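Asks: sequence and predicted structure, then a few things I'm wondering about:
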Amino acid sequence: MFDKSIKAYEEAKSVIPGGVDSPVRAFSGVLGTPPFIERGEGSYLVDIDGNKYLDFVQSWGPLIFGHCDKDIENVVLDTVKKGLSFGAPTELETQLANEIIDMYDNLEKVRFVSSGTEAVMSAIRLARGVTGKDDIVKFEGCYHGHSDSLLVSAGSGMATFGAPSSPGVPADLTKHTLLAEFNNIAQLEKCFAESSDIACIIIEPIAGNMGLVPASEEFLKKCRELCDANGAMLIFDEVMSGFRASLKGASGIVATTPDIVTFGKVIGAGMPVGAFASRAELMCQLSPEGKIYQAGTLSGNPVAMAAGLKSLQKLKADATIYDRLNEKAVRLTSGLKEVAQKNNIAFQVDTRGSMFGFFFNDIVPTNMKEVASGDLDRFAKFHNEMLKRGFYFACSQYETGFICDTMTNEEIDATIKAADEVMAEL
């Protein structure tokens, strides 16, 4: 069934570290071999062995309209014919920036980059440059890319200056990162009690890197209050949730307003792209207008801009799309929970718009520690058996799932039926 993928994986490992260009693709969390994909078709992936999968990953979020959407495909092809990149301004950058700003009352200017990691790294530099402070606060379980100051592990007591979590990261960089437990107000307050040099809080308001774990309204409100009281910036990392959880991302769901928002994935409709945005008074402090340096030779790539522009235009033109997506996400997660209960399996679910998460846990997780307390072995077995039946879920308990608009209720019901069979064996 996976013979060609197994061979391709072995060949890849001989020339690529671990055989993959991003660690999560290695399927190490589910003890399997990653299918090597040949093509996408709407809601489906097809691997090089000819296996077809209903795809609940959708390139980790950006493909709201599924694979090979004709409208997006056509504008990409038209743009490619004019050139792949120029390293010079195009009107497409301005047009996409206007589409983003139009959705957010608190955003006035956008700077495009080429990845979510770059967007967050640049947003933190902006916050540090504006405030003149060095320390940042982040939360366990929130992933903001692999830049040095964000690869930290917890010290004793959690709410303390972080230590490097990867070789190659200097301790002198992570000493400026304070790490606290997600949704833990006491630890958040302790961070500000321990440091008067905090430039910003960086948070996924809808965390998608420990499964789907939303921040509570109370917690986000406290983030805002502490930033205001201490002259710090609040950064929402919406690389995953931006234009995914709702047309206004998390900002369309939660009451708290951030100072800076980072984007990625969705605003490129599958092309590599990222962005960060804020009020004009802050963004004007970036070079070439201001002294805070940030640059990218191929930022604002015209092909990525064209794809993202068409995707956002389609989203804004369809007033009911997020209702449809959420209804399908709820249908899926409710069905999975029902068959888990039928088979006496501890199981929790959550959704935000077209994002969903499920956990083999006794309680609904609110932080990374609670996510990790679930039955990860059972998740791995579930993932493997569902893959064999043609259903492609994220290959880690710590990742979020996504619905695309081309998915039908019949396909979701087929997923639930297969899950019932698998859970009966678990």
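Replies: Received it, and whenever you're ready, just let me know what you need. Note that the coordinates shown come from a computational prediction; the quantities given were computed from them, not determined experimentally.
Asks: so who does the residue lying closest to Asn184 once chain neighbours are set aside touch?
Replies: Nearest non-adjacent residue to Asn184, counting by C-beta to C-beta, 6 or more residues apart in numbering: Asn367, 6.7 Å away. Where you see a C-beta, it was placed from the backbone N, CA and C, and this is true even at glycine. Asn367 makes contacts with Glu140, Gly141, Glu181, Phe182, Asn183, Asn184, Met210, Val213, as judged by C-beta atoms under 8 Å, 6 or more residues apart in numbering.
Asks: correct me, but the first one touches Met368?
Replies: Yes. Counting by C-beta atoms under 8 Å, Glu140 touches Met368, with 4.6 Å between them.
Asks: need the residues touching each of the two.
Replies: Glu181, Phe182.
Asks: now do the SS call for Ala123.
Replies: Assigned by DSSP: H, G, I helix; E, B strand; the rest coil, the conformation of Ala123 is helix.
Asks: can you give me the helices in the stretch 251-400 of the chain?
Replies: Taking DSSP state H, counting those that start in this stretch, the helices of the stretch 251-400 of the chain run over residues 280-283, 302-317, 321-342, 368-372, 376-388.
Asks: list the buried residues of the fourth one.
Replies: Which is helix 368-372. Residues Met368, Lys369, Glu370, Val371 are the ones in helix 368-372 that count as buried (16 or more other C-beta atoms under 10 Å).
Asks: ok, back up a step: closest to Thr117 out of the helices of the stretch 251-400 of the chain?
Replies: Closest to Thr117 of those is helix 302-317 (C-beta to C-beta; 15.4 Å).
Asks: output the contacting helices and strands for that closest one.
Replies: helix 70-80, helix 91-101 (3 or more C-beta pairs under 8 Å, 6 or more residues apart in numbering; DSSP states H and E).
Asks: okay, the last one in CSV with CA atoms only?
Replies: Just to be clear, that refers to helix 91-101. Coordinates of each C-alpha in helix 91-101 appear next as CSV, following Å, rounded to 0.1, in the frame of the first residue of the first chain:
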residue,chain,number,x,y,z
GLU,A,91,0.7,46.8,-7.2
LEU,A,92,-0.3,43.4,-5.9
GLU,A,93,1.4,44.1,-2.6
THR,A,94,-0.6,47.2,-2.1
GLN,A,95,-3.8,45.4,-3.1
LEU,A,96,-3.3,42.5,-0.7
ALA,A,97,-2.3,44.9,2.1
ASN,A,98,-5.6,46.8,1.6
GLU,A,99,-7.6,43.6,1.7
ILE,A,100,-6.0,42.7,5.1
ILE,A,101,-6.3,46.2,6.6
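Asks: need the contact partners of the next helix or strand after it.
Replies: Next in sequence after helix 91-101, counting helices and strands by DSSP states H and E, comes strand 109-113. The contact list for strand 109-113, computed with C-beta under 8 Å, 6+ apart, reads 93, 96-97, 100-101, 119, 122, 273-280, 283-284, 286, 294, 296, 299-300, 305.
Asks: export the buried residues of helix 368-372 to TSV and append columns for distance to Lys342 and pLDDT.
Replies: TSV is the format used below for the buried residues of helix 368-372 (distance: C-beta to C-beta, whole Å; pLDDT from 0 to 100):
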residue	distance to Lys342	pLDDT
Met368	29	94
Lys369	29	94
Glu370	24	96
Val371	24	94
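Asks: neighbours of the residue nearest to Thr131 when sequence neighbours are not counted, just the number please.
Replies: Spatial nearest neighbour of Thr131, excluding adjacent residues (C-beta to C-beta, 6+ apart): Ala199 at 4.5 Å. Number of residues near Ala199 (other C-beta atoms under 10 Å) recorded here: 27.
Asks: gap between the spatially most central residue of the chain and Tyr293?
Replies: Residue closest to the mean C-alpha point of the chain, counted by C-alpha atoms, centre = their mean, is Met240 at 2.8 Å. Going from Met240 to Tyr293 by C-beta to C-beta, to the nearest Å gives 27 Å.
Asks: picking that back up, among the helices and strands packed on helix 302-317, which is nearest Asp228?
Replies: Nearest to Asp228, of all these, is helix 91-101, at 23.3 Å by C-beta to C-beta.
Asks: helices and strands around that closest one, which ones?
Replies: For helix 91-101, the packing partners by 3+ C-beta pairs under 8 Å, 6+ apart come out as strand 109-113, strand 274-278, helix 302-317.
Asks: quick check: neighbours of the second one in the sheet, parallel or antiparallel?
Replies: Strand 274-278 sits in its sheet next to strand 109-113 (antiparallel), strand 260-264 (antiparallel), going by DSSP bridges.
Asks: show me what that strand is in contact with.
Replies: Contacts with strand 274-278, where a contact means C-beta under 8 Å, 6+ apart, come from 100-101, 104, 106-120, 122-123, 126, 239, 259-264, 267-268, 283.
Asks: likewise stretch 327-346?
Replies: Stretch 327-346 is contacted from outside by 347-351, 353-356, 358, 360-362, 374-375, 378, 403, 407, 409, 412-413, 415-416, 419-420, 423-424, 426, using C-beta under 8 Å, 6+ apart.
Asks: what are the buried residues along that stretch?
Replies: For stretch 327-346, by 16+ other C-beta under 10 Å, it's Lys328, Ala329, Arg331, Leu332, Thr333, Gly335, Leu336, Lys337, Val339, Ala340, Asn343, Ile345.
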